[in-house]
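**Q** The following block contains a protein sequence and its predicted model.
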Amino acid sequence: MKRNLLFIDDESEILENYKAFFQEHMDRDKRQSKELSSQVELIDNFFVYTSLSGEGGLSLVRKKKEEGDCIHVCFVDLKMSSGISGYEVVKSIHDIDSKIEIVVVTAHFDKVIEKIFKSTRQREKFLYLKKPFHRFEIIQLARNLSEKYFNNEIRDSFISNVSHELKTPLSSILGFYQLIEDSGSVSEDGKEFLKIIGKNARLMNSLVQDLITSVELNKNEIVLRKDNLDVNEFLKDTYLIAVPIAKEKLNINYQLSLCDKSENFIIDEARLRNCLVNLINNALKFTEVGHVKVFCKITKGEVLITVADTGIGIEKDKLDYIFEHFSRVENEHHEKPGLGLGLNIAKQIVDAHGGRIEVKSKFGEGSEFTIILPKNSG
Ligand code: ADP
């Protein structure tokens with residue numbers, strides 16, 4: 001399989017070295033395969049692209065994508081003497097194509113690397129390679145990361161196919177459930193059973209929808225359809241969605257406090273509602289006693305929507321990775337339903353609005369998730 005590698009470094013000598021490593025490696029590979037059999041089959045089929053500047057690297061990544069081809073692994077020198085910084089390069093590559101595996105090459109593990117981890121909240125996406133390195137390290141990284149790239153593609157297309165296949169029978173279950181409920185010709189016992197069917201079918205539907213959205217986000221296929229909305233109206237409608245779930249939690253006080261003086265903001269209503277519902281559902285899921293409060297604050301430039309609970313809380317060292325793909329905190333509450341996708345999706349949608357999600361939590365006491373959006377995100 002063809003593996004496209006891109007090296008970005010401001011020293012031409014280093015770039016020449018990279019090219020030579022891979023050429024030598026593939027020549028040796030070819031010789032060895034020839035000795036073993038008459039049919040030559042290359043283990044590694046690397047295509048090495050290089051760029052002396054961040055700008056050049058980014059335009060190559062864009063060009064490849066436009067051509068329907070792509071860069072699989074990119075090695076970025078963090079300290080470049082001119083043009084855009086290594087940090088900007090890494091962030092922009094991630095924005096252009098979040099599937100690209102990125103290796104940050106540097107002589108020091110410095111603050112910039114932490115900044116990259118923090119700003120993208122996707123630690124697993126970036127590897128860090130400390131200079132000086134052995135050429136085999138580069139070859140191994142190129143091989144393993146391109147393999148990871150292809151495996152992710154297979155995973156995503158599998159998830160996407162399975163979830164679309166599940167969606168059709170599920171819609172039919174939900175449709176007929178609604179018809180029976182509306183008919184009113186069900187016994188008291190039947191009504192109870194029907195309620196359980198409805199609840200589970202809706203849960204399954206939202207898990208399947210999360211899987212579909214997550215794959216779309218991975219492929220950068222999300223297009224926001226923004227509208228100008230009143231913040232308080234948006235909050236009231238969203239709050240009501242979770243009322244039936246909250247009613248089942250008898251020891252929780254589920255409350256909404258609207259903004260003192262409502263204003264408008266420009267958002268993709270359906271997607272942002274989904275994010276907020278995810279936060280509220282989590283709060284209700286991980287709280288048994290106390291309250292789940294939704295409240296809002298509008299500052300000069302931002303709208304802050306908070307969901308606060310008095311639930312199990314999250315340990316400090318786990319806070320950094322709860323926003324990662326498929327991440328769930330290992331604890332005695334692990335049996336609660338979920339795929340570990342909700343927060344990752346919420347973060348990506350809020351990011352796409354130019355906002356951020358902040359979290360504060362005390363283990364055993366409760367958590368507070370705040371969606372912060374710029375007022376003029378349109
Ligand atoms: P899940 O489908 O597992 O809820 P999420 O991405 O929404 O996935 O959340 C990831 C993990 O973060 C959860 O499994 C849970 O461990 C933790 N978490 C999220 N919200 C809360 C909360 N309000 N209180 C405690 N833990 C939470």
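**A** Alright, I've got the coordinates. Numbers count the residues shown, from 1 in each chain.
**Q** Residue numbers of the protein in contact with the ligand?
**A** 278, 282-283, 286, 309, 311-312, 314, 322, 327-329, 338-344, 367 (CB under 6 Å from any ligand atom). No exception for glycine: its C-beta is placed from N, CA and C like everyone else's.
**Q** What subset of those residues is buried?
**A** For the residues of the chain next to the ligand, a burial check counting by 16 or more other CB atoms under 10 Å picks out 278, 282-283, 286, 309, 311-312, 314, 322, 327-328, 338-344, 367.
**Q** Filter these down to the ones in helices?
**A** The members of these that map onto helices under DSSP state H are 278, 282-283, 342-344.
**Q** Mind putting these into CSV with pLDDT?
**A** Below are these laid out as CSV (pLDDT from 0 to 100):
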residue, pLDDT
278, 93
282, 94
283, 97
342, 89
343, 93
344, 90
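**Q** Please name the residues that touch residue 253.
**A** Counting by CB atoms under 8 Å, 6 or more residues apart in numbering, residue 253 makes contact with 290-292.
**Q** Who wins on neighbours among these?
**A** residue 292 (28 neighbours; other CB atoms under 10 Å).
**Q** my guess is it contacts residue 251, does it?
**A** No. Residue 292 lies out of contact with residue 251 (CB atoms under 8 Å); the separation is 11.1 Å.
**Q** Let me see the mean pLDDT of stretch 131-150.
**A** The predicted model gives stretch 131-150 an average pLDDT of 90.
**Q** Give me the contact list for it.
**A** For stretch 131-150, the external contacting residues (CB under 8 Å, 6+ apart) are 1, 3, 5, 18, 21-22, 25, 44, 46, 72-73, 75, 99-101, 103, 105-107, 127, 129.
**Q** Please identify which residue in the stretch 251-378 of the chain comes closest to the ligand.
**A** residue 338 (2.4 Å; CB to the nearest ligand atom).
**Q** That residue - nearest residue in space that isn't next to it in sequence?
**A** Nearest residue to residue 338 in three dimensions, chain neighbours excluded: residue 328, at 6.5 Å (CB to CB, 6 or more residues apart in numbering).
**Q** now residue 363
**A** residue 313 (4.3 Å).
**Q** burial count for the one you found?
**A** For residue 313, using other CB under 10 Å, the count is 18.
**Q** residues contacting it?
**A** Taking CB under 8 Å, 6+ apart, one finds 361-367 in contact with residue 313.
**Q** Likewise for residue 107?
**A** So residue 107 contacts 79, 130-131 (CB under 8 Å, 6+ apart).
**Q** What of residue 86?
**A** Counted by CB under 8 Å, 6+ apart, residue 86 has contacts 54, 76-80, 104, 106, 112.
**Q** Now do residue 99 against the ligand, distance only.
**A** Taking CB to the nearest ligand atom, to the nearest Å as the measure, residue 99 falls 20 Å from the ligand.
**Q** again, but for residue 98
**A** 17 Å.
**Q** What of residue 65?
**A** Applying CB to the nearest ligand atom to residue 65 and the ligand gives a distance of 28 Å.
**Q** hang on, residue 104 is in a strand, isn't it?
**A** Yes. According to DSSP: H, G, I helix; E, B strand; the rest coil, the state of residue 104 is that of a strand.
**Q** Neighbours of it, how many?
**A** Residue 104 has 23 neighbours, counted by other CB under 10 Å.
**Q** Thank you, goodbye.
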